[in-house]
Every structure is written in structure tokens, then in C-alpha cells.
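Q: 3D, please:
(one chain, ligands or ions: 4)
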Amino acid sequence: AKEAGKHTYRVFSPEMNQKVAKCIWLDTELRRAIEEKQFVLHYQPLINLCTGRLHSVEALLRWQSTSRGLVPPGEFIRFTEESGLIVPIGRWLMQEAVSQAEHWRENGLDIRISINVSARQLRDAEIVNQLRELVERSHSTRTLIDIELTESCFIEDEKAAVELMRQFKQLGARILLDDFGTGYSSLSQLTRLPIDVIKLDRSFITGIDQNFQAQSLVRSVLSLARAFGFTIVAEGVETEREVQFLKDIGVDYAQGFFYARPMAADTFEAWLADKKKL
Ligand code: C2E
Ligand code: CA
Ligand code: CA
Ligand code: CA
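A: Ligands and ions are numbered 1, 2, ... in the order given. A predicted model of the protein is given here:
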């Protein structure tokens, strides 16, 4: 009885009501955002450390809210994953990324775009079917879209996730394992997954030139990558020293504020034109 009482109290606590109210508000706002197409993609370059040239871009979602301005994904993505709204948002996003890649290609820019896909979106095969339809409708037989997944995508049903990855790869997409090092999978587990690229999480890259533990972790991931044919991307590089260190030990690609922040498409185009002049 005591427990039930406690429970009842919790359900009706003002704090709880506030939380519920906030969720309802966010849910309403996000549904409107989907209808009114208030989302935009920003693009952040991935740089080839050997040549210093652009390798590809990552598409990062922003919400252009009428009341709150440009809202970063950290403030709403988790909510959309829990409510399932990530599915319609993800459909819009894939369509948008494909149009952008095609637009760039028509203008002579061959730029691959990687998109972030969460575990919730992998629960059914619809996401692969959407990409397949987009490929069939285009002039090309292979997609310019790559897929970024996190280790959490393999927890629920590894077999099903691996099957979807195979289907994505058949369309010409590459699979990037995002935020590597923050999850629970061991290096040996990685060899079971059909991934092409490992993205080392920013937490290992920040200050790596002075952090011996992070250095040995990155070195061991690198030697595994060599053995199994994975490419390595270092996320979140912010300093010249980090870049120099990563280059010296043979990391393939890097991404971070040192090169550029995520940018709207037109800003990215200007950045690229400027960089090519150098
Ligand atoms: P992520 O996929 O790990 O994306 C990288 C995040 O690190 C981006 O934050 C980017 O702006 C930030 N970043 C890049 N370089 C640096 C750097 O040098 N220093 C620092 N401090 N940060 C850097 P953003 O755009 O706020 O995105 C945060 C997270 O939201 C993403 O992390 C990803 O997990 C999620 N997200 C973003 N867009 C999408 C999306 O379209 N779908 C899904 N499911 N998740 C998304
Ligand atoms: Ca990512
Ligand atoms: Ca990441
Ligand atoms: Ca991250």
C-alpha cells in the first residue's frame, strides 16, 4: 500500500506534469516541423589526411524552429527516437541528402554524403527500400549516400541489422561505424559486421597528442583496421597538433572544427571553392 501511495504521488507530482507538458509541447512542435519542412541539413567535411583534400561530407540535422531558432539535434533527436518521429524525419532526410548529392553531381561535384541512422529506423526494412527506390529513379545505378550507424544498432537484433547493412551495400552505400569506443563492442566483434569505416569518437581524439592511453587505443584500432580492411576516421579534430599526430600514425581521414564546422549547403560550396583555390 505504501508503494502504491508513493507511486501515485510520483505520477501526479508537479515535476512530472511539467515533464509531460514539455513532451507534449515538443511532440506537437515536431509534428508541425515535419509538415512545414522546418528541418535543414548542415554538411561537415571529412578530409583525407594524406592529401588534405575533401573526402566526403556528413549530413547533420538541424531544426529551424519558428520560436527557438536553429535547434541542434542534441535537443530533440532522442525524443524523436522514443516517439518514433525519427522515422518520417529520416524519410525526409534521405530524400534531401539524395537531392543534394544529385544537385552537386550535376554541377560537377562528386561528393558522397553520409547520413546518421538510429536503431529505431533499422527496425524495418523500409529505410533500405526507400534508398533503393531513390537509386532506381536516378540516372545512376549506385548511390552517393553512406550510412552511419552506432553500436546500439546491433544490440536488439544483430542478424537483422547486418542483413540491412548488406542490402545498403548492394546499393553502393558504405557503412560507417559511428562513435567507436563509446559502446561495448570489442574489436573482435567488429570483424563480424560488414562495416567499411570506423569513426573514432571525439573523446579519444581531443588532446590525443598528449594522451598516451588514447594513443595506444587508436594505434590498436589502426592495426586491426589494417588487418581487416577498415578505413579509419578521427572525429572532432580541433588542433593542428591532433591532426599532425593522427597523420603521423597513419589515420586515413579526419573531421572536425579544425577544418570546418557543419555548414549550410551554400556555405559549404563557398568553403569548397575557397579551399580549392589554396
Ligand atoms: P555525431 O554523429 O557523432 O556527429 C558529430 C557531432 O560532433 C556533430 O554535432 C558535430 O557538429 C560535432 N562536431 C564535429 N566536429 C567537432 C569538433 O571538432 N569539436 C566538437 N566539439 N564537436 C564537433 P551535432 O550536429 O550537434 O550532432 C550531434 C549528434 O546528433 C550527432 O553526433 C548524431 O548522433 C545526432 N544526429 C545529428 N544528425 C542526425 C540525424 O540526421 N539522424 C540521427 N539519427 N542522429 C543525428
Ligand atoms: Ca555521425
Ligand atoms: Ca560520431
Ligand atoms: Ca559523437
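
Q: any idea which element the residue in the stretch 1-150 of the chain that ligand 3 sits nearest to lies in?
A: Proximity of the stretch 1-150 of the chain to ligand 3 (Cβ to the ion) peaks at Glu148, 7.1 Å away. No exception for glycine: its C-beta is placed from N, CA and C like everyone else's. Assigned by DSSP states H and E, Glu148 belongs to strand 145-149.

Q: which strands and helices sit next to that strand?
A: In terms of contacts (3 or more Cβ pairs under 8 Å, 6 or more residues apart in numbering; DSSP states H and E), strand 145-149 is packed against helix 86-106, strand 113-116, helix 158-170, strand 175-180.

Q: now the longest one against strand 145-149, angle please.
A: Orientation check (axes from the mean of the first three to the mean of the last three Cα atoms, to 10 degrees): helix 86-106 against strand 145-149 gives 140 degrees.

Q: now render the helices and strands packed on strand 145-149 as a markdown table, adding mean pLDDT.
A: Shown next, in a markdown table, are these (pLDDT from 0 to 100):
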| stretch | mean pLDDT |
| --- | --- |
| helix 86-106 | 97 |
| strand 113-116 | 98 |
| helix 158-170 | 96 |
| strand 175-180 | 95 |
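
Q: now those as CSV including mean neighbour count and distance to Ile127?
A: As requested, the helices and strands packed on strand 145-149 are exported to CSV (neighbours: other Cβ atoms under 10 Å; distance: least, Cβ to Cβ, whole Å):
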stretch, mean neighbour count, distance to Ile127
helix 86-106, 18, 7
strand 113-116, 23, 10
helix 158-170, 16, 7
strand 175-180, 22, 13
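
Q: near ligand 2, which residues of the stretch 151-278 of the chain?
A: Asp178 (Cβ under 5 Å from the ion).

Q: wait, what's in contact with the residue of the stretch 1-150 of the chain closest to ligand 3?
A: Glu148 makes contacts with 58, 114-117, 176-178, 199, as judged by Cβ atoms under 8 Å, 6 or more residues apart in numbering.

Q: ok, back up a step: got JSON lines for the helices and strands packed on strand 145-149, with distance to Gln38 too?
A: Converted to JSON lines, the helices and strands packed on strand 145-149 look like this (distance: least, Cβ to Cβ, whole Å):
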{"stretch": "helix 86-106", "distance to Gln38": "10"}
{"stretch": "strand 113-116", "distance to Gln38": "18"}
{"stretch": "helix 158-170", "distance to Gln38": "28"}
{"stretch": "strand 175-180", "distance to Gln38": "25"}
